[in-house]
Structures are given as structure tokens and as C-alpha cells.
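Trainee: missing the sequence, but the structure's below:
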């Protein structure tokens, strides 16, 4: 007999447990956009892949977090953030944070790292502090387009790096940002215009995360090594295995 008095928290907990005990089939992937222009080549990476069933949702208006107006954690195994909102309400925060409470994996790509700069919890999630304006004695971050730089693998066996060599890209760099001490570097660069760690992983609450700094396009989106990096990241953060 179904207990109709189970709390919503209990039901969500049961859904999270089911996610982690060997469910099969394509990952239910949510791609979130809004707040920043996107090169059309990005969609060639995430569309029509047998590994996942992709759904796209965009914040509207663009600078807000309307995707989180309602709970999304029960509906997805992984989320790819490619948005750049500035504002988030308390109710939206609760629905966003439920992703991590339920163990939904998250990949944060390029300009999504610059989202929600005045919500310190987002810094704890990404493991990165970046600000458009200097504050607290720290300078603002920098960016530079069309830079040729190398992404170098670290000496680490990690599923995100499987089949991904060190490789060069032409893309946008970010500089003058500050890392959380508990990040796991995966790819680095020595280009003076870039932060040194350009791909890293971490956990937050029950979720795995991968942060990828490059990803502006269009040249990088055609790079097969970059595409493999994205696919590996989504696979790794999906903890159903």
C-alpha cells in the first residue's frame, strides 16, 4: 500500500537512491542556457547523442534563474550549465541546491563559471572565485578572445581524461581568478593570459562536478578532443553507475 503521507523530502530521497543503484539507459541531461550569447557550434556537441537524452531550458528573462522556478532534480541525472545569470531568488536557490542534495551531476562550462557572482554559495559549488569588479583588495578577472593555448593533462588517471590527450585550442582565456583549495586539477595551461587550472573536478554535497574554463567557440567546438572531454565529464558526473 502506498503511504500518501510521505513527505516530499522522503520522495526526493528515494528518487536519489534509485539514481545511484545501477539504473541503465541514456542519461537524462538538462542543458541550461541564458544570460550570454552562444555560438551555434555548441549544439553540435550535445545534440543527437545516444549516450544521453538531452533537454534544453533557457532562463527568461536572460539575467534571471527562471529554469529553477520549479524543482528539476527528480527529472535529470546530469545538468550542463552554459548560462550566465546574475540574479537568483530564494525559492530558485532551493530548487538549484536540491540538485546537489539529490546527487545530480553538474558540468559547468565556460561563461557559466561567471554566473551569480554575488552568491557566495555558487563559489563553493564551482571551487572558483571570479568577479567583474575588484573587491576585498582582489582585482577583477580578465578575459581575452582568440588565444592559442595548450590544455595539458595532469598526471592522473581519471575517467574525465580517458582518451583525452594534451591538445591546443583557440578560444577565450580567463585570468585573475582564485581557486578553492579542495579542487582536483585535471588539465592545466602555462599561458600567461589564463588561469593555470582550466579543467577541474570536485564534489559538493552528494554530487560530482566538472568545471571547464574554455568553451567560447567556434573553433573549439569542432575539436574532437574537446568534444570527448565534454562527453567524458557528463558520463562521470552521472553517478547512476
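Mentor: Done, it's in. The shown structure was predicted, so the numbers you read here are calculated from the model rather than taken from an experiment.
Trainee: which regions of the protein lie under the pLDDT threshold?
Mentor: Counting by pLDDT under 70, the chain shows low-confidence ranges at 1-23, 136, 241.
Trainee: make it 80
Mentor: 1-24, 132-138, 241 (pLDDT under 80).
Trainee: need the longest helix for it.
Mentor: helix 224-237 (DSSP state H).
Trainee: Residues touching it, excluding its own?
Mentor: Here helix 224-237 makes contact (C-beta atoms under 8 Å, 6 or more residues apart in numbering) with 27, 29, 45-46, 49, 51-52, 78, 80, 105-107, 109, 158-165, 167, 169, 187, 199, 201, 207-210, 212, 214-215, 220-221. Quick note: C-beta positions are derived from backbone N, CA and C, even for glycine.
Trainee: buried ones in stretch 110-122?
Mentor: Neighbour-count burial for stretch 110-122, counted by 16 or more other C-beta atoms under 10 Å, picks out 110, 111, 112, 113, 114, 115, 116, 117, 119, 122.
Trainee: cool, stretch 34-41 as well?
Mentor: 34, 35, 36, 38.
Trainee: closest to residue 193 among those residues?
Mentor: Using C-beta to C-beta, residue 36 comes nearest to residue 193 of the buried residues of stretch 34-41, at 19.9 Å.
Trainee: give me the element the closest one is part of.
Mentor: Residue 36 belongs to no helix or strand when assigned by DSSP states H and E.
Trainee: gap between residue 181 and residue 124?
Mentor: From residue 181 over to residue 124 the distance is 12 Å, taken as C-beta to C-beta, to the nearest Å.
Trainee: Surely residue 182 is in a helix?
Mentor: No: remark: residue 182 does not belong to a helix; assigned using DSSP: H, G, I helix; E, B strand; the rest coil, it is coil.
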